[in-house]
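# return a 3D structure for these sequence lines:
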Amino acid sequence: MRKKNFGLGAMTAATLLAATSAQAGGLERGGYNIDLLFDPSDYVIDSSVTYVNPQRKLNNVRDSNTDLIPPNGDGNLNGRPNQGIRATEGYWVKRLGFKASLGDAVDCMADYSEPWGAHLNQGANWAGANENIETKIKSRNYATTCSYSFDVGTGKLRVIGGAFYQEVSGFQDRLVYDLPALGFPNSGIGSLNMEGDGWGWRAGLAYEIEEYALRTSIVYNSAVKLDNLEGTLDLRGLPIGLGGNSYAGVVTPVYGSASMPDSVELKFQTGVAPGWLVFGSVKWTDWSQLQSLPFCATATMGAVSCVTRDASNPVSGELTSIDLLYRDGWTISGGVGHKFNEQWSGAASLTWDRGVSTGIGTHTDTWTLGAGVSYTPTENIELRLSGALGLLTSGSSREVIKDGRPYGQRASYDFDNDLVSAISTSLKVKF
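Numbering: from 1, shown residues only. Just a heads-up that it's a prediction; the model follows:
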């Protein structure tokens, strides 16, 4: 039987569409990507940068706790702006990778990426400032991944394995008490700063038939346990001892723990006609690991348990917490790629990401259209440019009771369908 030439070779059309993956559920930004491992060149350097601009705006904001006197309340903020509040900031995602073939059967890659992140910045002048003024989370991931391939039938089977080291840091500012409204000179703003690191691993399988541009792969990425989260709770914006709070007015070293999620991703691509390729993917991410993340005074470590204070754990050293209450995420994507000639290729895709919010927050379903183009002026250089336009679906955030404890009780708000846009550019050098 004569084998067809589908033209696109081992190119993965999804690599043209980096912009579509940078606005997914939970804290995902760049996520994990090992497509570089499959490049047929002996040595490859690949770099990319993506800018994402989500336009989420909040409406009908209400301060839910209007008691003026601490510690029972934090002030009545309902006289502040409550419509069209821009919640999200634009952000950059960077990636750099190097791949080498070690003989005929072994390929290895090393890469730097920024898989997780968040940046909410409503500012201090809005009716929900007691919930958030600014929150920013960033990450750095350093990974090594290798594969061993051997003939199976008409194609090759790859066994994939690797490890990665991850750093996560961030802060959250919010209005603890509206002290200026009570005549105090203090700002009333508190700040939580934290950082931690951990290790993870990945394993997977891939099957390829090069002549048909066919490849299917499944890869598992482990959770990364951040058991060593440490930082400070800065309450110097409050008078010392306000409302009987012994931590008011001072900076307190704190600690906590979290687990960045594990995930499983299935990818598929195949040539369907000369110069044409279809591709798709399904990914599950265990965002439900991130519920309420308590932080406790370092001085109490070992003396009290640092767990979420709720009906099942009424005694806890928790001073503050980051409340997410996420559910598991699902991302489904499909698209088509086409090679126009020896220099130009293009691709388009549609992606659905299931929202992970469960009553608080703004992470609802997202639909994203992506398109990308690849230009190869020589056999050693490839330039890629892609863009995406997405719909952030509407919803609301209200108080939720879980395990006898209220969450999202400081403020409530609605949000309409909003837009997110992204652009990504990359350079690949092969030799």
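# give me the residue ranges of this protein where confidence is low.
Applying pLDDT under 70 to the chain flags residues 1-16, 21-23, 70-71.
# got the residue ranges for the helices in it?
Read by DSSP state H, the chain holds no helices at all.
# okay, now residue 341: neighbour count?
By other Cβ atoms under 10 Å, 9 other residues sit near residue 341. Using the backbone N, CA and C atoms, a C-beta is placed for each residue, glycine as well.
# partners of residue 322 in the sheet?
Listed by DSSP bridges, the beta-bridge partners for residue 322 are residue 293.
# pretty sure it sits against residue 293.
Yes - counting by Cβ atoms under 8 Å, residue 322 touches residue 293, with 4.5 Å between them.
# next one: residue 347 from residue 214, what distance?
According to Cβ to Cβ, to the nearest Å, residue 347 stands 16 Å off from residue 214.
# those two: who's more crowded?
Higher neighbour count among residue 347 and residue 214: residue 347, with 26 against 18, using other Cβ under 10 Å.
# my read: that one touches residue 369, true?
No - using Cβ under 8 Å, residue 347 makes no contact with residue 369, being 11.8 Å away.
# and residue 421, what are its bridge partners?
residue 53, residue 389.
# burial count for the residue lying closest to residue 276 once chain neighbours are set aside?
Leaving out its chain neighbours, the residue that sits closest to residue 276 by Cβ to Cβ, 6 or more residues apart in numbering is residue 338, at 5.5 Å. When counting by other Cβ under 10 Å, one arrives at 16 neighbours for residue 338.
# same deal with residue 150?
Neighbours of residue 150 (other Cβ under 10 Å): 10.
# for it, name its beta-bridge partners.
residue 157.
# who touches the residue nearest to residue 396 when sequence neighbours are not counted in this structure?
Once flanking residues are discounted, residue 396 sits nearest to residue 414: 4.6 Å by Cβ to Cβ, 6+ apart. Listed by Cβ atoms under 8 Å, 6 or more residues apart in numbering, the contact set of residue 414 reads 58-60, 394-396.
# could you give the bridge partners of the nearest residue to residue 208 once chain neighbours are set aside?
Counting by Cβ to Cβ, 6+ apart, residue 208 lies nearest to residue 215, which is 4.6 Å off, once chain neighbours are set aside. With DSSP bridges as the criterion, residue 215 is bridged to residue 208, residue 269.
# residue 38 is in contact with residue 215, correct?
Yes - using Cβ under 8 Å, residue 215 makes contact with residue 38 at a distance of 6.7 Å.
# hmm, residue 279 is touching residue 271, no?
No - counting by Cβ under 8 Å, residue 279 stays clear of residue 271, with 10.2 Å between them.
# now the strands: where do they sit in the stretch 51-200 of the chain?
Using DSSP state E, counting those that start in this stretch, the strands of the stretch 51-200 of the chain run over 57-63, 85-86, 91-102, 106-113, 117-120, 134-152, 155-175, 189-209.
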